Structures are given as C-alpha cells and as structure tokens.
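Asker: Fold the stuff below for me.
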Amino acid sequence: MNQYTIKPEIACERLIKKLRGKAITDERVLDAFRKVPRHLFVDTMLYAQAYDDNALPIGSGQTISQPYVVALMTQLLRLTGDEKILEIGTGSGFQAAILAQFSRRIYTIERNRDLGDATRKKLRDMGYENIVFKIGDGSRGWSQHAPFDRIIVTAGAPVLPPSLSDQLAQGGIMIIPAGDRFHQDLEVYEKTIEGLKKTSAGGVVFVPLIGDEGWEK
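Answerer: Sure thing, here's the model as predicted:
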C-alpha cells in the first residue's frame, strides 16, 4: 500500500499554497479544504497523490476533479452561507463535502447507482447531514426542490440544459462546463431580470454529462 511521505495536514497546506498562487482568494474555500480530507475520497493506492493538484480516477469511468477546479468553481459560486445548492454529478462526494462547509443544503444527483450509493454511505458515515442524494438523470435537474440559489455541474455538457436554467432562482448563479466531449469552457450564468448573464472562467476538461439534456450514452 502506498504511504504518505509527509502527513496529510502538511500536504494539504502545500496544496492550499498552490491554490493561493492560482488566485483562489476566498479564505472560506481554502479553509474548507483543510476540513475535508481529500485522501478519504480516493482509493488507498492513490493516497500519496491525494494532495497533488491533479484529477484522479475513482472508478466507473469517473474522476475526482483537480483541486484547483473544485476551489475555482466553489469560489465562483460566491456563497454567503444560506444558499440551497443543486450539484449535478456527485462523483466521489468531495465537491459536495466542500460546499457543505458553508451552505445551507446541498441536493446532489449521480447517474451511476453503484458510485452514488457508495458516496452517499461515505458522506453519511462522515457525518454530513445537510446533503440530500438522488440517483438519476442530472441533466434534467431536480424540479421537486427547485428553485435553487446555486447550481454547479461537474460534467461537461454540449449546451446549457434548459431544465437547469429553469430551476435556477432569480439572482442565482450556475456554473457548468460546456463544449465538446474533450474540451469545455467553464461557463458562469447569473439569472437577472433581463435574463441569463453569461461569462467564461476559462477552459476545462470534464467527463461528459450523460442524459436527456446532455450527451447520449
């Protein structure tokens, strides 16, 4: 089994220093990284790489996102602490755990049942009580609990799914990677009285968003 050459706490501080160097300035986001041990969200054989600034495989063809991308997307949400958030793509659960540090309630959807059930158990065992789980087609959102103050999509879509746009609250912010299957722009939408205001936060690469309003399987 791989072992740490340094303690996880030290490795985490080194990662946080790197994130600061990449313009992650929200101290609440950086503090959340201290509170959520990333090595618990990867396979034990990858423990030694858990605090590198890289994406890592988690099985089922999925990845745990690069720490910088997780931090950037969280920072771009501009959270105040009282938001109701919809996350599309539960994956390893790391992003949801980060958001849960300073959000009222997280609703998260995972398409892969085996992965979703395992992640739900892990987060429940870790004591997260403000995360609500669903197995299903994330491209269609979760209308039962809409509208959402924030929506974060952790898989690449061909275009902005109409259902997600409809479920974003007035004044809300949504972040979604959109483009082709191999490269996307990280699009940030803010719903105003005039409609959706769109900006770009740079290029990213995510696994595809599979679903009725995403890519075909």
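
Asker: Select the longest strand from the chain.
Answerer: strand 168-179 (DSSP state E).

Asker: Mind listing the strands the next helix or strand after that strand pairs with, and their directions?
Answerer: Going down the chain from strand 168-179, the next helix or strand is strand 184-192, by DSSP states H and E. Taking DSSP bridges as the criterion, strand 184-192 sits next to strand 168-179 (antiparallel), strand 195-204 (antiparallel) in its sheet.

Asker: Restricting to C-alpha, output strand 184-192 in PDB.
Answerer: Extracted as PDB, the C-alpha positions of strand 184-192 are listed here (Å, rounded to 0.1, in the frame of the first residue of the first chain):
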ATOM      1  CA  GLN A 184     -15.200  22.700 -22.400                       C
ATOM      2  CA  ASP A 185     -15.400  26.300 -21.300                       C
ATOM      3  CA  LEU A 186     -16.300  26.900 -17.700                       C
ATOM      4  CA  GLU A 187     -19.500  29.000 -18.100                       C
ATOM      5  CA  VAL A 188     -20.900  31.100 -15.300                       C
ATOM      6  CA  TYR A 189     -24.500  32.200 -15.500                       C
ATOM      7  CA  GLU A 190     -26.300  34.700 -13.400                       C
ATOM      8  CA  LYS A 191     -30.100  34.900 -13.600                       C
ATOM      9  CA  THR A 192     -31.100  38.600 -13.700                       C
END
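
Asker: now what about the longest strand of the chain, what contacts it?
Answerer: If you take Cβ atoms under 8 Å, 6 or more residues apart in numbering as the criterion, strand 168-179 is touched by 73, 76-78, 146-153, 155-160, 164-165, 184-193, 201, 204, 206. Where C-beta positions appear, they are placed from N, C-alpha and C, glycine not excepted.

Asker: Tell me the pLDDT of the most centrally placed residue in the chain.
Answerer: Centroid-nearest residue in the chain, with Cα atoms, centre = their mean: Gln95, separated by 4.0 Å. Confidence at Gln95, expressed as pLDDT, is 97.

Asker: Show me what the helix or strand harbouring it is packed against.
Answerer: Per DSSP H and E, Gln95 falls inside helix 94-100. With contacts defined as 3 or more Cβ pairs under 8 Å, 6 or more residues apart in numbering; DSSP states H and E, the packing partners of helix 94-100 are helix 27-35, helix 67-76, strand 84-88, strand 105-110, strand 131-135.

Asker: Pro162 and Leu168: what is the separation?
Answerer: 11 Å (Cβ to Cβ, to the nearest Å).

Asker: Could you check which of those two has the larger neighbour count?
Answerer: Taking neighbours as other Cβ atoms under 10 Å, Pro162 and Leu168 compare with Leu168 leading, 22 against 12.

Asker: which parts of the longest strand of the chain are buried?
Answerer: Neighbour-count burial for strand 168-179 flags Leu168, Ala169, Gly172, Ile173, Met174, Ile175, Ile176, Pro177, Ala178, Gly179 (criterion: 16 or more other Cβ atoms under 10 Å).

Asker: For it, output the C-alpha coordinates as CSV.
Answerer: Only the C-alpha atoms of strand 168-179 are listed here, as CSV (Å, rounded to 0.1, in the frame of the first residue of the first chain):
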residue,chain,number,x,y,z
LEU,A,168,-32.2,28.5,-11.2
ALA,A,169,-33.7,31.1,-8.8
GLN,A,170,-33.8,34.7,-9.7
GLY,A,171,-30.5,36.2,-8.7
GLY,A,172,-28.9,32.8,-8.7
ILE,A,173,-25.6,31.6,-10.1
MET,A,174,-25.0,28.5,-12.2
ILE,A,175,-21.6,27.1,-13.2
ILE,A,176,-21.4,24.5,-16.0
PRO,A,177,-18.6,23.2,-18.3
ALA,A,178,-20.0,23.3,-21.9
GLY,A,179,-18.4,22.4,-25.2
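
Asker: Alright, that wraps it up for me.
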